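>>> Turn this into a structure:
(chains A and B)
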Amino acid sequence: MVSIVVCVKAVPDPEKADEIRIDPVTKALPRQDVPLVINPLDRNALEAALQFKEGGKVHITVVSMGPPPAGKVVKECLALGADEGILLSDPAFAGADAYATAFTLAKAIQKLDKTDCILCGRASSDGATEWVGPELATFLGIPVVTMVREFVATGDERWKVKADLADGYRLVEVEMPAVFTVTKDLNTPRTLRYSGIIKARKKGITTWGLDELDVSESSVGLKGSPTVMSDLTYVERKSTCQFIEGTLEEKADFLIQKMMEVGVL
Amino acid sequence: MIDFTFTEEQELFQKAAREFAETELAPHVPAMEENDEYWEPVIDALCEAEMMAITIPEEYGGLGLGYVERLIALEEIARISSATAMMMQVGGLGIAPILVFGNEEQKQKYLPGLASGEHFATVAVTEPSGGSNPKDCSTTYVKEDGKYILNGRKCFITNAHIADVQVVFAADADDPSTHSTFIVESGWEGFKATHIEHKVGWRGCNTGEIELKDCEVPAENLLGPEGKGMRVAMTVISDVGRGGMVGCALGIQQACLDASIEFAKERELYGKPISYLQAIQFKLAEMKIDLEAGRLLGYRAASIQDAGGNAGNEFAVAKYYTTEAAQKAAKMAVDIHGGYGVMQEVDITRHLRDSFVLGPSAGTSDIMKVIIARWVLS
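Predicted coordinates for the structure are as follows:
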């Protein structure tokens, strides 16, 4: 039996991003205002695990850190086909940056009997640091390959994967267990099915807090986070339209000048 | 205290239905609009997504869920394609009498295939003379040598050419005031799906006629007690049929509201999006009021149904309210969209056409008022 852990983050629904408001004091994103969904790229990670499961004996454990409402997202993962869910939820975990999140996830994964492979989405749709996967691997002392777009060869002690580069891809052979962060090009996540939701009735979600992970309060959450948020602001996307007047030559000259001004010519 | 919220599991069912509708179903919609007889891939998708298994008990291969879950699915599907929701809802209408009135042999024989999608169902009640007064039914049966021989014609039958399991309502040839229902398989001799109807809306939703010419039905396919056909037909039409129409209507309302909000936020007039204009805001508000009220009526009726109660009257109210509201919402959506609202490539025109087919299906608004008046006067 191969044991795969999929790290999943509950994020505010990206389709309702315009409804998200930044708390002017804490600079946090109040999660209760917008429905939480599975981070889209984590769904690709889960899909990869589910496809491995279709090909052999695989046990999938979903691990997520978040407040109790994030349990809904874990439940959704179970409905999609994961076998077991672990929610890391404790008031002490609140305010964690990528470092403290990776530390907490690592502590949870170390508590599991056996882990052969860890899959994460490349980035979250809200924080988008892309750090959790690599930091998780560091805490666990195992290799990491980021931006995986294809699992070329799996099953042995060494896996071969294709991972994105800016202008191509890397073909990486890695010793297992390892952490892989995946891109959306890896697969097309399956849709929820009614029967999967019914099967999930019998699958449990275990909640672990500070005590279960046996970690100090100062190492997790806001206290364990070296990142300090200096500011968080809205990005205003504004576009304007200017009609070019004049003869054809005048219009062309004007257009060339404008293009040179913005540096595309 | 009354809890008006979905359970966490029902929220997941809603999400599942929405994902199915948006990813699997939506790509078929242009083809349905293009070709009025494009239904096979849609039916395949519905069955593959387990949508026909929702109300069938698990012991017969179904999901063992209730009519609230069915309404959730229908609403989400209708938001993308009410034509598809109609085929699904009438498929469920064909399953319901077997669930409620079928004996164990009939359930064992038909339900597993209907749950898996190997078979598809419908109910055939309406005739050329109309459907609101089934007592005038001219399709007849006679009992001969332990079999029933059916003769007649049914029209405006949703899934006529798709369903291979059809629950047919017929009158006793010797006593036209006595009616019975039969499970008829489309492959039997004497059964033929004939004319295909082309409607103003719901393109791609199969509607047509069936012809029964000396169609021999084995005695074991009598559904419910002989002579109690009116009860069989009316029981399912009044709750499963009208409940299904509520789902179709709510989906159209939501689609019209969504499209109108998006358009009103983008379309600028007098230097501002038209969503700033009170005339537009009032239309959006009315659409939202109707949608919320319709949902309360529909889901309350479905809850009564799931609790084992008779929700026929409540569904008549919900059917009337939501189908009228869907037409109103589609008209207001067209108004909000201005010139774009009458362009064929804009979905609003499809919703407008579709909303007008909601009325006569499963009983017109006037018939709903007759039922409601009978209820309040009883």
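>>> which SS state does residue A:96 fall under?
Classification of residue A:96 by DSSP: H, G, I helix; E, B strand; the rest coil places it in coil.
>>> Next, find the distance separating the residue nearest to it when sequence neighbours are not counted from residue B:123.
In this structure, residue A:96 finds its nearest non-sequential neighbour in residue A:221, 5.1 Å apart by Cβ to Cβ, 6 or more residues apart in numbering or on different chains. In this view, the C-beta of every residue, glycine as well, is placed from N, C-alpha and C. For residue A:221, the distance to residue B:123 equals 59 Å [Cβ to Cβ, to the nearest Å].
>>> higher neighbour count, the two?
Comparing residue A:221 with residue B:123 by neighbour count (other Cβ atoms under 10 Å in any protein chain shown), the higher total belongs to residue B:123, at 29 against 21.
>>> The helix or strand containing that one pairs with which strands?
Assessed by DSSP states H and E, residue B:123 sits inside strand B:121-124. When sheet partners are counted by DSSP bridges, strand B:121-124 sits next to strand B:165-172 (parallel).
>>> after the strand it pairs with comes which helix or strand?
Taking DSSP H and E, what comes next after strand B:165-172 is strand B:175-185.
>>> who touches the helix or strand encompassing residue A:59?
Assigned by DSSP H and E, residue A:59 falls within strand A:58-65. For strand A:58-65, contacts defined as Cβ atoms under 8 Å, 6 or more residues apart in numbering or on different chains pick out A:1-10, A:46, A:49-50, A:52-53, A:70, A:73-74, A:77-78, A:81-89, A:93, A:96, A:101, A:104-105, A:108-109, A:112.
>>> So which residues of the chain form strands?
In the absence of a named chain, chain A is used. A:2-7, A:10-12, A:36-38, A:58-65, A:84-88, A:117-121, A:144-153, A:158-165, A:168-175, A:178-182, A:205-208 (DSSP state E).
>>> Can you look at chain B instead?
Going by DSSP E, chain B shows strands at B:121-124, B:140-144, B:147-158, B:165-172, B:175-185, B:191-196, B:207-218, B:222-223, B:268-269, B:272-273.
>>> Just send these back as JSON lines, with distance to residue A:233 too.
Compiled in JSON lines, those are given as follows (distance: least, Cβ to Cβ, whole Å):
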{"stretch": "strand B:121-124", "distance to residue A:233": "57"}
{"stretch": "strand B:140-144", "distance to residue A:233": "75"}
{"stretch": "strand B:147-158", "distance to residue A:233": "54"}
{"stretch": "strand B:165-172", "distance to residue A:233": "61"}
{"stretch": "strand B:175-185", "distance to residue A:233": "66"}
{"stretch": "strand B:191-196", "distance to residue A:233": "59"}
{"stretch": "strand B:207-218", "distance to residue A:233": "55"}
{"stretch": "strand B:222-223", "distance to residue A:233": "66"}
{"stretch": "strand B:268-269", "distance to residue A:233": "26"}
{"stretch": "strand B:272-273", "distance to residue A:233": "23"}
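>>> Can I get those in TSV including mean pLDDT?
Output for the strands of chain B, formatted as TSV (pLDDT from 0 to 100):
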stretch	mean pLDDT
strand B:121-124	96
strand B:140-144	94
strand B:147-158	95
strand B:165-172	95
strand B:175-185	94
strand B:191-196	96
strand B:207-218	96
strand B:222-223	96
strand B:268-269	91
strand B:272-273	94
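>>> Pick the most deeply packed of those strands.
Most buried of those, by mean neighbour count (mean count of other Cβ atoms under 10 Å in any protein chain shown): strand B:121-124, with a mean of 28.
>>> pLDDT below threshold where in chain B?
Scanning chain B for pLDDT under 70 picks out B:130-132.
>>> What parts of it come near chain A?
B:8-9, B:11-13, B:15-16, B:19-20, B:23-24, B:49-51, B:53-54, B:63-65, B:69, B:73 (Cβ under 8 Å from any Cβ of the partner chain).
>>> how about 6 Å then?
B:12, B:15-16, B:19-20, B:23, B:50, B:63 (Cβ under 6 Å from any Cβ of the partner chain).
>>> Now for those: which two are most distant?
Spatial extent of those (Cβ to Cβ) is set by the pair B:23 and B:63 at 20.0 Å.
>>> So for these two, which residue has more residues nearby?
residue B:63 (23 against 14).
>>> Please, where are all the helices along the stretch 201-350 of chain B?
B:229-236, B:242-266, B:278-306, B:312-337, B:347-358 (DSSP state H, counting those that start in this stretch).
>>> ok now the longest one, how far from the chain's centre?
Taking the mean C-alpha point of helix B:278-306 and that of its whole chain, the gap between them comes to 19 Å (Cα atoms, centre = their mean, to the nearest Å).
>>> ok, now the first one?
Put simply, helix B:229-236 sits 16 Å off its chain's centre (Cα atoms, centre = their mean).
>>> So what pairs up with residue A:7 in the strands?
Counting by DSSP bridges, residue A:7 is bridged to residue A:63, residue A:120.
>>> how near is it to residue A:102?
From residue A:7 to residue A:102 the distance is 9 Å (Cβ to Cβ).
>>> Quick check: closest non-adjacent residue to residue B:223.
Once flanking residues are discounted, residue B:223 sits nearest to residue B:181: 4.5 Å by Cβ to Cβ, 6+ apart.
>>> For residue A:9, give me its contacts.
A:39, A:42, A:124 (Cβ atoms under 6 Å, 6 or more residues apart in numbering or on different chains).
>>> By neighbour count, which of these wins?
Ranked by neighbours (other Cβ under 10 Å), those are led by residue A:42, which has 30 neighbours.
>>> Next up, the contacts around the nearest residue in space to it that is not next to it in sequence.
Excluding the flanking residues, the one nearest residue A:42 by Cβ to Cβ, 6+ apart is residue A:121, at 4.0 Å. Going by Cβ under 6 Å, 6+ apart, residue A:121 touches A:39, A:41-42, A:45.
>>> Redo those as TSV? Include pLDDT.
Output for these, formatted as TSV (pLDDT from 0 to 100):
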residue	pLDDT
A:39	96
A:41	97
A:42	97
A:45	98
